[in-house]
Each structure stands twice: as C-alpha cells, then as structure tokens.
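Novice: below are the sequence and a predicted model for it; my questions follow.
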Amino acid sequence: MANSAVIIDGKAVSKQTRDNIAVETAKLKAETGVTPGLAVVIVGDDSASRVYVNNKKKACAEVGFYSEEHALPAETTQEELVALVKELNTREEIDGILVQLPLPKHIDEKAVIEAISPKKDVDAFHEQNVGKIMIGNYSFLPCTPAGIVELIDSIGVDVTGKECVVIGRSNIVGKPMAMLMLHKNATVTICHSRTRDLPEVCRRADILIAAVGIAKFVKADMVKPGAVVIDVGMDRDENGKLCGDVDFDAVKEVAGYLTPVPGGVGPMTISMLMKNTLTSAKERAGR
Ligand SMILES: NC(=O)C1=CN([C@@H]2O[C@H](COP(=O)(O)OP(=O)(O)OC[C@H]3O[C@@H](n4cnc5c(N)ncnc54)[C@H](OP(=O)(O)O)[C@@H]3O)[C@@H](O)[C@H]2O)C=CC1
Ligand SMILES: Nc1nc(=O)c2c([nH]1)NC[C@@H]1CN(c3ccc(C(=O)N[C@@H](CCC(=O)O)C(=O)O)cc3)C=[N+]21
Ligand SMILES: [Mg+2]
C-alpha cells in the first residue's frame, strides 16, 4: 500500500505567528507610539528575491508595520549601496534593514552585510549576530532556519538524538540551519557539492533539509521511509513554475512529513522576519 506523507501547512503555521505579531504591534503602538519599520533593499533582479520582496510587503501591511522598498539598478556601485545602508542605520523609524541576496557580482556581499547595524540586522547575517548564534546567545535568529524549527515543532516531532542531514552550506541557510538543529540536540551532518555518496548520507536522515537551489534534486531513493523532509528551495521547473529542491510527488510516497513549495518554508521565513523586526522595535521603545 502506498504511503503518503503528511503535508506540513506552512501557511497555516505562519498565520498563527503573524496574528500574534499583529496583536503585539497594535499594543506597542498604543502604549509607546512606536511603529515597527522595515527597509528592504534590492539591487538588480533575481527571481527568488522578487517573490520574497512582494510577499514581505504584503506581510508588513498585514501586521501593521511601516515598510519601504529601495529598488536599485544592477549597475549600483558598492559605495552607493553602503551609503544607503548607513543612511538607513541612522533613521530612527527603521528597525530592520534587509539587503536582498545575492547581490550583483561586482559588489562584495560581506562588505555590505557588515555595514548594516547589528541592531537592525533582522536577517541575522552580520558576523556579530552569526557569532552570537554559534554561541547560543542570540538576539535575532536567522529567519529561514528559525521558521523551519517552528515548522518541525508544529508537527510535534522531538529532534533530540535524531539524525539530521542538511544539504547545502550557505551562510544564509545551510550553516545556520545546522547550528539551530545542533542546539536542538540533533546529530547533524552537512552535505554540499563535494560530498561523496550523497544519496546514502541522505538516507540516514530522520530529518532531511534540502537547501540546494536545484529543482527536484532530492529523489525518493534519497529518503528514509517516514522521514521529515523540509524543502527550502525556491526554484523553477522546466515550465518556469515555482518548485522546490525536492521531487515532491515521488518523495511524498516515502516521507512521513513533507513541506510543499509554495506554502511551506517560504511563509515561515517571512513570519520570522516580522518577528525579528518587532523585537528590534521593542528594543527601540525600551521594552
Ligand atoms: N524558502 C525560503 O525562505 C528561502 C529559500 N531559499 C532557496 O533555497 C535554495 C538554497 O539557497 P542558498 O542556500 O542561498 O543557495 P546557495 O547557492 O548559496 O547554496 C547552495 C548549496 O547547495 C550545495 N550544492 C549545490 N549543488 C549540489 C549538489 N549537486 N550536491 C550537493 N550539494 C550541492 C552547494 O554546495 P557548495 O557549497 O559545495 O557549492 C551550496 O552549499 C535556493 O533555491 C533559494 O532560492 C533561500 C533562502 C530562503
Ligand atoms: N537577505 C536575504 N534574506 C533572505 O531571507 C532571502 C534573500 N536575501 N534572498 C532571497 C531568498 C529567498 N527567500 C524567500 C523567502 C520567502 C519566499 C516566499 O514567500 N515564498 C512563498 C511563495 C509564494 C508565491 O508567491 O507563490 C512560498 O513558498 O509559499 C520566497 C523566497 C528569502 N531569501
Ligand atoms: Mg557577489
């Protein structure tokens, strides 16, 4: 008999978080006059970034935040971008600054990220915040990994002692993801493009997290029966349709739990961004 995975509803879980944030935001405004503010900076054009920017704008309006978008041409120089970031650092009404990655090749991403005030770094990409996460003493958690932890909590799966395999070692998803799972007492393996026998390593996973950036990369024979499979990918299939890093239709016959794309990790990332921005605004209000 064919097994069929429980599909984790990221939209529903993220809505709960956003409802709470909306209530807290209204309270903060009423009691202190502070409205959380988020500035998003996008340079040039990137498909995953465009989806993200549009959904963020909607989410800010939903929870009652002030938001502004700075869309800059691909030819923007690093100096111009850093100057904008520094101006946003000084603006009282801006609690969070998010510079969309990837940046055009002529710009050094690290230099731009380090220019963001760590207090307004709602992505938690600044080295000061990354260091805090590593130690386990953080103010902001990285949005995508934090959202994934909430999704796993929502299905009532205890991570302690489990084998967790993360595919991908980027600074924005793979590495911080592995760290959060380690904090949750998983036994963590990180895979990447040089990993030998990747399917075999993946098959060990009780919890498999794919952050590769290749459409339908994770096949059914890479998944242990009953495993929790989390799909971070924001890819395009052969028809240009949004899809994930996991071959959804095949893997759902093997996995115990599976996140869809869209409607899985993406909405959670946005809710965690709202959460970090609210945390920063509370700090400004002295709360
Ligand atoms: N849903 C959400 O909220 C978010 C979604 N995304 C999406 O998640 C995906 C990953 O993003 P990101 O981490 O930024 O991507 P990167 O391109 O920065 O990293 C991809 C990682 O996958 C590894 N990889 C590539 N090919 C293979 C392979 N054949 N076998 C094993 N590992 C491989 C790379 O290895 P190596 O290091 O060796 O090159 C790298 O570590 C993208 O689709 C992105 O759009 C990203 C952020 C948030
Ligand atoms: N500094 C920075 N921080 C990021 O966190 C970051 C980034 N740069 N660059 C791009 C990637 C990608 N990313 C997404 C987050 C949510 C959705 C999202 O909302 N997805 C919806 C899509 C719904 C739809 O429109 O169809 C979903 O999966 O349901 C998409 C993509 C964050 N990223
Ligand atoms: Mg670059």
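Specialist: Arrived safely. Ligands and ions are numbered 1, 2, ... in the order given.
Novice: what about the host helix or strand of A83, distance to the chain center?
Specialist: Here A83 sits within helix 78-90, counting by DSSP states H and E. Here the centre of helix 78-90 is set off from its chain's centre by 23 Å, with CA atoms, centre = their mean, to the nearest Å.
Novice: worst-scoring helix or strand of the chain, pLDDT-wise?
Specialist: Ranked by mean pLDDT, DSSP states H and E, the weakest helix or strand in the chain is helix 47-63, scoring a mean of 86.
Novice: what mean pLDDT would you report for the helix or strand that comes right after that helix?
Specialist: Using DSSP H and E, the helix or strand that follows helix 47-63 in sequence is strand 66-72. Strand 66-72 shows a mean pLDDT of 95.
Novice: partners of strand 66-72 in the sheet?
Specialist: Sheet pairing of strand 66-72 (DSSP bridges) gives strand 37-43 (parallel).
Novice: wait, V188 sits on P176?
Specialist: No. Using CB atoms under 8 Å, V188 makes no contact with P176, being 11.8 Å away. (Glycine included, C-beta is placed from N, CA and C.)
Novice: neighbour count: the two, which is higher?
Specialist: Neighbour totals were compared for V188 and P176, and P176 leads with 25 against 22 (other CB atoms under 10 Å).
Novice: tell me the contacts of that one?
Specialist: Listed by CB atoms under 8 Å, 6 or more residues apart in numbering, the contact set of P176 reads A124, V130, I133, P142, T144, P145.
Novice: if we check ligand 1, which of those residues are in contact?
Specialist: Subset of the contacts of P176 in contact with ligand 1: T144, counting by CB under 6 Å from any ligand atom.
Novice: can you lay out the contacts of P176 as a markdown table showing distance to ligand 2?
Specialist: As requested, these are arranged in a markdown table below (distance: CB to the nearest ligand atom, whole Å):
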| residue | distance to ligand 2 |
| --- | --- |
| A124 | 10 |
| V130 | 13 |
| I133 | 15 |
| P142 | 8 |
| T144 | 6 |
| P145 | 10 |
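Novice: which one of the contacts of P176 is nearest ligand 1?
Specialist: Nearest to ligand 1 among these: T144, at 4.3 Å, using CB to the nearest ligand atom.
Novice: what helix or strand does the closest one sit in?
Specialist: helix 143-154.
Novice: helices or strands up against that helix?
Specialist: helix 10-32, helix 174-183, strand 228-231, helix 265-284 (3 or more CB pairs under 8 Å, 6 or more residues apart in numbering; DSSP states H and E).
Novice: what is the subsequent helix or strand relative to it?
Specialist: Counting by DSSP H and E, the next helix or strand C-terminal to helix 143-154 is strand 163-167.
Novice: does that following strand reach ligand 1?
Specialist: Yes. Residues of strand 163-167 contacting ligand 1 under CB under 6 Å from any ligand atom: I167.
Novice: what's that strand packed up against?
Specialist: Strand 163-167 sits against helix 174-183, strand 187-191, helix 198-203, strand 207-210, with contacts defined as 3+ CB pairs under 8 Å, 6+ apart.
Novice: right, I'll call it a day here.
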